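J.: Below are the sequence and a predicted model for it; my questions follow.
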Amino acid sequence: MSTNRSAIVLKPGDGRCYDMGAMQAVFKADGDETGAAYSISEWRVEPGAPGPGAHSHDANDDMFYVLEGTASILVGDGWIEAPAGSFVCATAGTRHDFANRSDAPMRLLNIFVPGGFEDAMPSIVAWFRDNG
């Protein structure tokens, strides 16, 4: 990992924003900023809305820290209800998803190690735009 990287300082709402209808993501650090070591993003999911859909990553750990509300998180074959303050790590190869099955807003912080997830965001946004 490069030691020539600069500090990253963002205020609330700052970052690269991606709108997927009932789900929004703001990427705080990724790519060149982290030397591709990780990406960090904040996700907001409206009440009663699904997340991205069940999937896995062959070479990446996908971590979630619930900031607000209660996230429903799929880990392997089972869903858990994770209230604010909960942490879940879906290790490489583990099937996972998240959703907001509650009647209140839900926000979570996502840490993706190693980085690179941000490269998929334009196609993910296009899929949600085209498929609702």
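T.: Alright, I've got the coordinates.

J.: For stretch 69-76, give me every contacting residue.
T.: Applying CB atoms under 8 Å, 6 or more residues apart in numbering, the external contacts of stretch 69-76 come out as 45, 54, 64, 79-84, 86, 88, 90, 94-102, 104-108. Using the backbone N, CA and C atoms, a C-beta is placed for each residue, glycine as well.

J.: Turn the buried ones among these into a named PyMOL selection, would you?
T.: To isolate in PyMOL the members of the contacts of stretch 69-76 that are buried, counting by 16 or more other CB atoms under 10 Å, one can use:
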select buried, resi 45+64+82+86+88+90+96+97+98+99+100+102+106+107+108
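
J.: Which residue ranges of this structure form helices?
T.: Applying DSSP state H to the chain gives helices spanning 31-34, 121-131.

J.: With distance to Pro114, mean neighbour count and mean pLDDT as added columns, please give those in CSV.
T.: Formatted as CSV, the helices of the chain follow (distance: least, CB to CB, whole Å; neighbours: other CB atoms under 10 Å; pLDDT from 0 to 100):
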stretch, distance to Pro114, mean neighbour count, mean pLDDT
helix 31-34, 9, 16, 88
helix 121-131, 16, 12, 93
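
J.: correct me, but Val45 touches Asp97?
T.: No - between Val45 and Asp97 there is no contact under CB atoms under 8 Å: 11.2 Å.

J.: Spell out which residues are contacts of both of the two.
T.: Contact criterion CB under 8 Å, 6+ apart; residues shared by Val45 and Asp97: Gly51.

J.: where along the chain do the strands fall?
T.: Assigned by DSSP state E, the strands in the chain fall at 16-19, 23-29, 39-45, 61-68, 70-75, 78-83, 87-90, 96-99, 106-113.

J.: Turn those into JSON lines, columns for mean pLDDT and distance to Ser6.
T.: JSON lines is the format used below for the strands of the chain (pLDDT from 0 to 100; distance: least, CB to CB, whole Å):
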{"stretch": "strand 16-19", "mean pLDDT": "96", "distance to Ser6": "16"}
{"stretch": "strand 23-29", "mean pLDDT": "96", "distance to Ser6": "11"}
{"stretch": "strand 39-45", "mean pLDDT": "97", "distance to Ser6": "15"}
{"stretch": "strand 61-68", "mean pLDDT": "98", "distance to Ser6": "24"}
{"stretch": "strand 70-75", "mean pLDDT": "98", "distance to Ser6": "32"}
{"stretch": "strand 78-83", "mean pLDDT": "98", "distance to Ser6": "33"}
{"stretch": "strand 87-90", "mean pLDDT": "98", "distance to Ser6": "28"}
{"stretch": "strand 96-99", "mean pLDDT": "97", "distance to Ser6": "31"}
{"stretch": "strand 106-113", "mean pLDDT": "97", "distance to Ser6": "20"}
